[in-house]
Structure formats: structure tokens, C-alpha cells
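Engineer: Would you be able to build a 3D model of this:
(chains A and B)
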Amino acid sequence: MAHATAVDYEPVIGLEVHVQLKTASKMFCGCRVQFGAPANSLTCPVCLGLPGALPMANRQAVEFGIRVGLALNCQIAHRVKFDRKNYFYPDLPKGYQISQHDEPLCFDGELQLPIPDATGAPKVCRITRAHMEEDAGKSIHMDASTLVDLNRAGTPLIEVVGGPDLRSPEEAYVYLTTLKRNLSYLGVSDLSMEKGSLRCDANISVRPRGRQQFGVRSEIKNLNSFRAVKAALEYEIKRHIRVLEAGGTLHQETRLWDEEKLETRSLRSKESATDYRFFPEPDLNLFDVPRAWVDGVRAALPEMPEKRLLRFLHDYKLARADAEYLVGDRAIADFYEAAVALLDNPRKVAAWVVVELARELNERNCDLADLKLTPATLVELIGLQDAGRLNNITAKEVFRAMVESGEGAEACARRLNKLIERDDSAVQAAIAEVLGEFKDGAVADLRAGKQAAMGFLVGQCMRKLRGKANPKDLPALIEDAIRRE
Amino acid sequence: MHELLQLDASEAARRVRDGSVPAEHLAQAALAHARATEPRVNAFLDQDEAFVLEQARAVDRDRAAGKALGLLAGVPVAIKDNIHVLGRPTTCASHMLRGFVAPYDATVTARLKAAGAVIVGKVNLDEFAMGSSCENSALKQTRNPWDASRVPGGSSGGSAACVAARSAFISLGSDTGGSIRLPASFCGVVGYKPSYGRVSRYGLVAFASSLDQVGPFARSVRDIALAMKVMAGRDEMDSTTVSNPGPDYPAALAEDLKGKRVGVVREYFDRVPDRSVAAVCEAAVQRLKALGAAVVEIELPHADFGLHVYYIVASAEASSNLARFDGVRYGLRAAAENGIATYVNSRGEGFGPEVKRRIMLGTYALSAGHYDQFYGRAGRVRTLICRDFAAAFARCDLIASPCAPFAAFAAGAKADPLSMYLCDVYTIPSSLAGLAAMSLPAGFDAQGLPVGLHLAAAPMADDLLLASAHALEQDLLADRTLNLNRLPRGLQG
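Structural biologist: Below you'll find the predicted structure:
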């Protein structure tokens, strides 16, 4: 903590993450699920909550839910039971949300985090439950009125409730990135916090280290990025400690994170919390989840990142940090393995992906799918470099051009005039010119045994050749030329 | 009254199909009759002549074009005003839905239309179907065609009254705890509550989802079977409808009563305060016996808790179902200075006292700390009631009882809500158990008011119930001393 306190406090954090499932249609009606359509265009009597309309459960959404549950090592319920959560809000057209109360679809799971626990083993965060529900619409608050867009109303969601197992904002951040990484393997969600397909609420309390009992918790809402989660938790931990140190009392409450002021403020206390009056949804029959269904979903799951990481370490002999980067995004890991299938040099391919490709993604702040690079063109590029037709610098230049143009490596290198020609007359000519120009300088120095002069001469040659040579080859050629003189 | 209105629906549709009666004539006759009787009956909340005649002409055009006509071709059908008819207002007899026009057809409406039925109008009910006399309508006071000083029963009072008055051949009602059967008994028509799950609820404004069931009123069991053939069956918009298509209802009527076992709970007959009502029901049971059925005494030990269970379960579900009426998107929006006040004022002004009472009751029953004591316990007792029926139906095929403790009562006679709730004591248990149940006109009490016999069968035994009711009905009609098919005296002269 920033300032020293008499007591050593330990934060206790649990996160609730809402994940929108990208099914073709909504949870309880046939309307399309799509972001950014004209307001209220993707609606029908069911998701508008018109009188007389009834829900029909979307089997695909439940299957996506099962997929999420299995990926988080959860048990899967034997039947699907929905409940009503009653509250009034303008963007909740029925006056209740269809959710799951006492029988979540998925429960008792865990997520392994790529950070060590006290024993040095990977830290595990429990997944208490993951349940299905429908999203509400969107309220757009204007100066004197509120507009409601119900396109989002009825979009399937799964709410993943993590156990109170995280002990720092950093751990919370790792939990979120790991959860997002694992879910990205399932293809069930866009997982975009910007578009609201991934949303997070954080529960936080502090206690003197060593005490078993939890402190009084706050729930923080309005967290719009993983960074905001971390910042809000840091703020809230300090606030809790400050209150306790000053001899004050904390009250269980819901607080809102203010992204501009970088602080939380109270939204409502526990006493004024809504009584949701849960009861079983009578419009939807219970339906069974046969084990054959669950087994089928399990069998169709992709290799999950934890397992893939171990395989990458073992089979490809990669450095752990590199392997972790690769499995961090399913698309990148798939790209990597496709490239390795074409070129049996896992470490060299990894170097390109982890350094050059990662840099491009990072600088452009985009996904792999936004780049035009393919495993084949990357392998072609590495081939040109190995054959000495691109040097380390020009290879990178060509790479940067390729990710935009989508060209093959050789075609791109040729277009950029970077390809080292097989014919070395140009190189010989350049060397002859440089030796003539620096006859009294660097060449004399070299002859006098000053090896440092060689670097200078190589640089000059490369300049004349505009990079179209392999600098590693040049010292030998230069020495030959001097000897010949 | 036009003689065409004396036909039953099956015969009227046959004549429309064979061209001997144009659908437009039938519609004109029904409209003219309604104009004459409505001042006394007040059943219709919406009857638009142009809308009605256009449907009838469309049937006639289809016939002229050589198209095959449906089972209800040209038959005037009235719809309870909590069931959507595209383009017509749905009011639920409440101020809350002021200005609301149905943007889609209920599944039952669509199926009736597809069978050629002509929707003649929307009829009155207790507000949001909450009541037993139709007096809780915020819009109109419907009266009993047999005696204009009396109530038609409720909540589907308009549906029962318009069929009794011959302004419609068939009407649709909804039954949650007796809302079809009680008014059918009071108005002397057949009222049928299908097994839960037989008929789609899509487009029925929900009162209590686990109990609500749409069903038909008619003047004969044959017409009920016809309506069921058209309406019933799986609907992909209502997950609580059963997947099998169900029986061929009209064909099932051929079954007779021989060898059937009729269960009776002795106290149900003994307890009826009006002995002339009990006598009608007992005589009907004797007829069942005479027709070849065996009468067995049964016990339903938990059914007496039905009323208590019902007012918790139904009110709890209603408190949630009616949350959508908030003044935000449709219906009444009261003046308010902010969002919360919009809710409070709109719901405060829009809902009548009985609706508010039930919303409060249901909200309380579901609230934290009370759930298990009320909703949870009610659910457990409901299970016991279902078990009672399951045990009873191991010993009998049908259960016969009075439909109500009394015949139609005078308007204003039951101002106390609790005495009103007691009207449904005989109908509620079968709703809780999802049974097929109905009220069949069985005779008249000492004052000449109709009395219905309540018949119930196990869930999904709709065919058996209708066949048995049909056999009894034929026997009752054959008895000229009963004169069962007489015109309600309120319409005579």
C-alpha cells in the first residue's frame, strides 16, 4: 500500500463477469443478435416484453453455456431451470429478467492462473457458478429524457461468478486476461469490453492478514476495461483501509467507478438493495441436459490453453514466456502451429511471432485477423532470410510491408527492391568502390590490424547496396578483395 | 332473433361451406342481434361492424374462388379482451392498457382465423381476469342474459354472456382458477378449460402463467370439440404446450359412458348451501349412472387448501406478469416529474383495486424472508393436491361436482373480496393440478337460473372428458321436462 499502516491488510477480491454469447438469435426469441444495428430494429413482441408474448429457450445458447462451463472445469446441471428476477427499469421491458437463481447451469469449476501460489504451483481461482440469463436493453440518458434501445434485450448472457480467491488487483487483472484467453478458445463470444460483450463487476473487501473472516465488501460497477478493474480495486482497497484505520465502519454497498475522477462513489447500500423476488419462471418448462449432450460438447472442445502451453513447452522447446504469449490467443497459437507445420524450426518461427508479429499487433492495437499475413507467407519470408536473400534488417522491413499488403514474401521483397540478387557483381562493385574511397583511412587501419575498421567498411558497403546484401557475408568478401589488391 | 343464430357452429359452418348461407348473412345476423341485446347484456368492449363484415366477405370470396373453407367457416366467434386480435384494442378491461392496439394475433386467434372463423368482437372480463363476477371490469358492467340484475360470473363474463345471448356461436375465454367454468355455469353455456398445455397461451395477456389456459365457450359440447380441434396443439411460441397433437376431439365424442367410473367427493354436494343447486348436480350424477357409468366415492384430502394455495401462487405470478405495465412503452402513462414517479403514478392510476390487492399479495408472498413461508409452501401443497388427484384418477375416470356453490348472484352482492374468492372453491383444485375440466349446463335452480355440473378428467384426458360430457348432454337435452336449450329469459320478448 502507498502509506504505511499499523495493520497489514489483505484484500479479498471476487469477480463477476458477464459474457454475451454470439448465438445467431436471442435467448428467448428469434431476433438476430447483432451490435450496432439501428435502435429497436432487432425486436419482436417477445423481446419487447409485449403483453401476451412468451419466451422459448434457445438451445444453442444453452450449448454455448455448457461449453463455457466445461472450459472452466465446471459441473453441468442435469436440467435447465430458469427463474425470474423482478425489478423495474425502463430498459427491462418485462419488469423482470429471466435468469437462473438456485440452479445454475454450471457450478464448482476453477480457473488456473499463470501465476504461482504460495507453494509455487499455478494459482487456482474457484468458479463458484456460471448461469444463463438474458441481457437487458440499453438506456441512453439525455438531458431531459431517457431513450431506450431494446436491440440488446434478450441477448444471451452467461454470468461467470469467480470465488473470493484473488488477493490483489494484479491477480484480478491476471484472472480477467486468463478468463478472456480461455473463453477466446471457445468461439462463443466477441469478448469485447468496448462493445459490452464482456462486462465485469468486482467484489472487494479487506481483512488483517491471517484472519479467516471476510471484511465488509463493496461491489464495484461501471468497470469498462481490465485496466479500470485494476484501478478501481486499487482505489477501493485504499479507501477501505483508510476508513478502517480512521476507526470508521464500512457498510456493504454497491459503488460506481468514475473513469474520469478515478474514484468510486456509493450507488446504493445493502439496506436499499432491490428485493428481486426470485421465483421459478413458469413460462418455461424445465428441460433435461442429457449427459450425452454434455459429453458431445466436451468432446468437441478445442485443446485449452493450459494444455497447449505444456505441449508447446515440451514439443517445441520454447521459452515459457514465448509459449505463454502464443497460447494467450487461440488465433495466434493456431497461426504459429500452422507455420511450424510448414517449417520445422519451432523456435525460429516463435521468434518471429512473439517479437515481430506481436509488435505489429500491439502497435496497431488490432487482432491477428486484421492483418493479411498468413503462415505460408511468414514461412516464405523466413526462407528468404535463411537463404541469405534478405538480411535481418530487410527481412523485418519486408515483414512490415507484407502484413499490410498480403503479398508473398519474395514478391514483396522484390517490389521493395530489397532482394539480394544471386549475382554478386553488384556487391563486388560496391566493395571495390568503398575500398577505393577509404584506402587511406579504414582500409589502412584494417591492414594495421584494427578490426574495428571492418565494421565501418561493412556499413559503407551496405549503404551503397541499400541493404541488398547480407552483412554477415561482407567481411570475408572485403578481406578477399583487400588480399587481391 | 334470426333463426340462423339457433344453429350450432358445426351446422352453421357446414352451410357456409356448401354455399347455402353466405358468411356475410351470418355475420349480419349476429351483429343485428348484438345491437338488440347489448343494451341489456353489455358483453362487448369492441365490436367494429366493418371489421366483422370484411372477414365474412373474405370467407365468401374464398368460397367463390373455389378455395377449401375451414372447420369454422363464417362462424361468428367472440374473443375475451385479454387475447390479442391483430389491429384491435386489447384492454384487459383495464385503464392501464388505454390506447393499446394488439400488434399481433394470439396463436388461438390466428388458428381460428385460419379455420375461417369471423371475429365478431372483444368481450368483457374482470380487470386482467381477476374476479369471479365480471364486476371488476373498469370499462363496462356485463349482466347475465338470464336476469339482468345478476352477474354473468367471471372472469370471462363477457365470453359466457355473449354465447348465452346468441351474439356469438363460440367465444374464447381464459381460465386461471375457474374463469371459464364459473361464468359458463352462471350463464347456462358449456365452458371448457383444456388440460394445461393443450392450448397455446401465446397472445393471452398473462395473469398466472402456471395456471392460465385458453378455452372455448359454446352452446354444445360438439361445438367445444370443434373449437378444440381448431385451436389445440403444440405451438412453437409457447414452451408449455405439450408436444403431441392431441386427440381428434370431434371424433372422440362417439365414446359412451358405459364402464366409465365417475368419482364424487360426497361433501362437495352436501356442503352446497343452496339445495336446489345441489339437487341439479346430484340428478346429473344419477343420469351418468343410468348411462352406464359407475359412481365411486373419492377423497381429495388436500383440495380444501386449494383456495389458499391459489391466492398465493396466482397472485405471486401476477405480481411479476403485471410488472410490464409500467407506463414506459404502451398503455396509460400518467403525468410524472421523473422516472420512478412515472411508474408509481401510471400503475396507481391504471390498475383497479382488485388488481392492486393481488399485486401486493403476490409481491409480499415472494419477498425475501417470506418466500419459503408462502410461495414455497404453496408449491409444496400444490404438489400434494396433484397427488390427491393422481390417486383419485387411479380409481375413477371423471370427477363430478357442483361447479359453484350457487347460481348467478345479484350484482353488488359480494362486495367483500373473500366472499367473492369463495365462488371458485370447486374449480380451483383442478386448475392447480392442470386437469381438463368444464362446466356443463345441467338444469336450473329454484329461481330458474342455470346450474352447471363440473366435470374433470386427468391431465390430457380431454377426449374422455368431452365424450362423457357429450353423452350426458345428449341425455339432458332429450329430457323435455328440463327444457335445457331454452332461450335465456332475459332475451325473451
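Engineer: Going by C-alpha atoms from here, please, whenever you check contacts or count neighbours.
Structural biologist: OK.
Engineer: Surely residue A:122 is in contact with residue A:113?
Structural biologist: Yes - the criterion here is C-alpha atoms under 8 Å, and residue A:122 meets it with residue A:113 at 5.9 Å.
Engineer: Report the spatially nearest residue to residue A:280, omitting neighbours in sequence.
Structural biologist: Nearest non-adjacent residue to residue A:280, counting by C-alpha to C-alpha, 6 or more residues apart in numbering or on different chains: residue A:83, 4.2 Å away.
Engineer: you'd agree that neighbour is up against residue A:99?
Structural biologist: Yes - counting by C-alpha under 8 Å, residue A:99 is a contact partner of residue A:83 at 5.3 Å.
Engineer: So those two - more neighbours on which side?
Structural biologist: Under the criterion of other C-alpha atoms under 10 Å in any protein chain shown, the comparison of residue A:83 against residue A:99 puts residue A:99 first, with 26 against 22.
Engineer: ok, for that one, nearest residue in space, not its chain neighbours?
Structural biologist: Nearest one to residue A:99, counting by C-alpha to C-alpha, 6+ apart, is residue A:133 at 4.1 Å.
Engineer: what pairs with residue A:110 across the strands?
Structural biologist: residue A:126 (DSSP bridges).
Engineer: A helix includes the residue nearest to residue A:99, no?
Structural biologist: No - Residue A:133 sits outside any helix when classified using DSSP: H, G, I helix; E, B strand; the rest coil, being strand.
Engineer: need the contact list for it.
Structural biologist: Applying C-alpha atoms under 8 Å, 6 or more residues apart in numbering or on different chains to residue A:133 gives the contacts A:27, A:97, A:98, A:99, A:100, A:156, A:157, A:158, A:159.
Engineer: Flag every residue of the stretch 201-350 of chain A that's near chain B.
Structural biologist: A:275, A:276, A:277, A:278, A:279, A:282, A:283, A:284, A:285 (C-alpha under 8 Å from any C-alpha of the partner chain).
Engineer: Name only those of those residues that count as buried.
Structural biologist: A:276, A:277, A:278, A:279, A:282, A:283, A:284, A:285 (16 or more other C-alpha atoms under 10 Å in any protein chain shown).
Engineer: so the last one touches residue B:238, yeah?
Structural biologist: No - under the contact definition of C-alpha under 8 Å, residue A:285 does not touch residue B:238, with a separation of 9.7 Å.
Engineer: where along the stretch 101-250 of chain A do the strands fall?
Structural biologist: A:106-116, A:122-134, A:138-141, A:146-149, A:156-162, A:198-208, A:218-223 (DSSP state E, counting those that start in this stretch).
Engineer: List the residues that contact residue B:95.
Structural biologist: B:138, B:139, B:332, B:349, B:350, B:351.
Engineer: gap between residue A:177 and residue A:328?
Structural biologist: 9 Å (C-alpha to C-alpha, to the nearest Å).
Engineer: more crowded one of these two?
Structural biologist: With neighbours defined as other C-alpha under 10 Å, residue A:177 and residue A:328 compare such that residue A:328 has more, 21 against 15.
Engineer: How about the more buried one: what's its closest non-neighbour residue?
Structural biologist: residue A:181 (5.6 Å).
Engineer: So which of the residues of the stretch 201-350 of chain A next to chain B sit within helices?
Structural biologist: Judged by DSSP state H, the subset of those located in helices is empty.
Engineer: Using CSV, lay out those residues together with pLDDT.
Structural biologist: Output for those, formatted as CSV (pLDDT from 0 to 100):
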residue, pLDDT
A:275, 93
A:276, 96
A:277, 96
A:278, 96
A:279, 96
A:282, 97
A:283, 98
A:284, 97
A:285, 92
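Engineer: Tell me which of these fall in strands.
Structural biologist: residue A:279 (DSSP state E).
Engineer: Most widely separated two among the residues of the stretch 201-350 of chain A next to chain B?
Structural biologist: Spatial extent of those (C-alpha to C-alpha) is set by the pair A:275 and A:285 at 24.6 Å.
Engineer: Mind listing what's buried along stretch B:388-396?
Structural biologist: Buried residues in stretch B:388-396 (16+ other C-alpha under 10 Å): B:388, B:389, B:390, B:392, B:393, B:396.
Engineer: hang on, residue B:99 packs against residue B:331?
Structural biologist: Yes - Residue B:99 is within contact range of residue B:331, at 5.8 Å (criterion: C-alpha under 8 Å).
Engineer: Of these two, which one has the most company?
Structural biologist: residue B:331 (20 against 13).
Engineer: all helices for the stretch 201-350 of chain B, in order.
Structural biologist: Here the stretch 201-350 of chain B has its helices, by DSSP state H, counting those that start in this stretch, at B:221-231, B:249-252, B:266-270, B:275-290, B:306-321, B:339-350.
Engineer: from the chain's centre, how far out does the second one sit?
Structural biologist: Which is helix B:249-252. 20 Å (C-alpha atoms, centre = their mean, to the nearest Å).
Engineer: and if you look at stretch B:21-37?
Structural biologist: Counting by C-alpha atoms, centre = their mean, stretch B:21-37 comes out at 23 Å from the chain centroid.
Engineer: How about stretch B:170-188?
Structural biologist: With C-alpha atoms, centre = their mean, you get 3 Å for stretch B:170-188.
Engineer: That stretch spans what distance, first to last residue?
Structural biologist: 14 Å.
Engineer: and that stretch, is it in reach of chain A?
Structural biologist: No - with C-alpha under 8 Å from any C-alpha as the threshold, stretch B:170-188 lies outside contact range of chain A, at a closest distance of 12.4 Å.
Engineer: Which residues are in contact with residue A:364?
Structural biologist: Neighbours of residue A:364 in contact, by C-alpha under 8 Å, 6+ apart: none.
Engineer: What pLDDT does the model give it?
Structural biologist: With respect to pLDDT, residue A:364 has a value of 90.
Engineer: Equivalent analysis for residue B:174, please.
Structural biologist: Taking residue B:174 on its own, its pLDDT is 98.
Engineer: Enumerate every residue touching the closest residue to it other than its chain neighbours.
Structural biologist: Nearest non-adjacent residue to residue B:174, counting by C-alpha to C-alpha, 6+ apart: residue B:214, 4.3 Å away. Residues in contact with residue B:214 (C-alpha under 8 Å, 6+ apart) are B:172, B:173, B:174, B:175, B:193, B:194, B:199, B:200, B:201, B:204.
Engineer: tally of neighbours for the third one?
Structural biologist: Neighbour count of residue B:174, defined by other C-alpha under 10 Å: 34.
Engineer: Just send the strands of the stretch 101-250 of chain A back as TSV, with mean pLDDT too.
Structural biologist: Below are these laid out as TSV (pLDDT from 0 to 100):
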stretch	mean pLDDT
strand A:106-116	95
strand A:122-134	97
strand A:138-141	91
strand A:146-149	92
strand A:156-162	98
strand A:198-208	97
strand A:218-223	96
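Engineer: hey, which of those strands is tucked in deepest?
Structural biologist: strand A:156-162 (a mean of 26; mean count of other C-alpha atoms under 10 Å in any protein chain shown).
Engineer: Sheet-wise, list the partners of that strand with their directions.
Structural biologist: Sheet partners by DSSP bridges: for strand A:156-162, these are strand A:9-20 (antiparallel), strand A:122-134 (antiparallel).
Engineer: Could you export the ones you listed as CSV, including distance to residue A:229?
Structural biologist: Output for these, formatted as CSV (distance: least, C-alpha to C-alpha, whole Å):
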stretch, distance to residue A:229
strand A:9-20, 9
strand A:122-134, 17
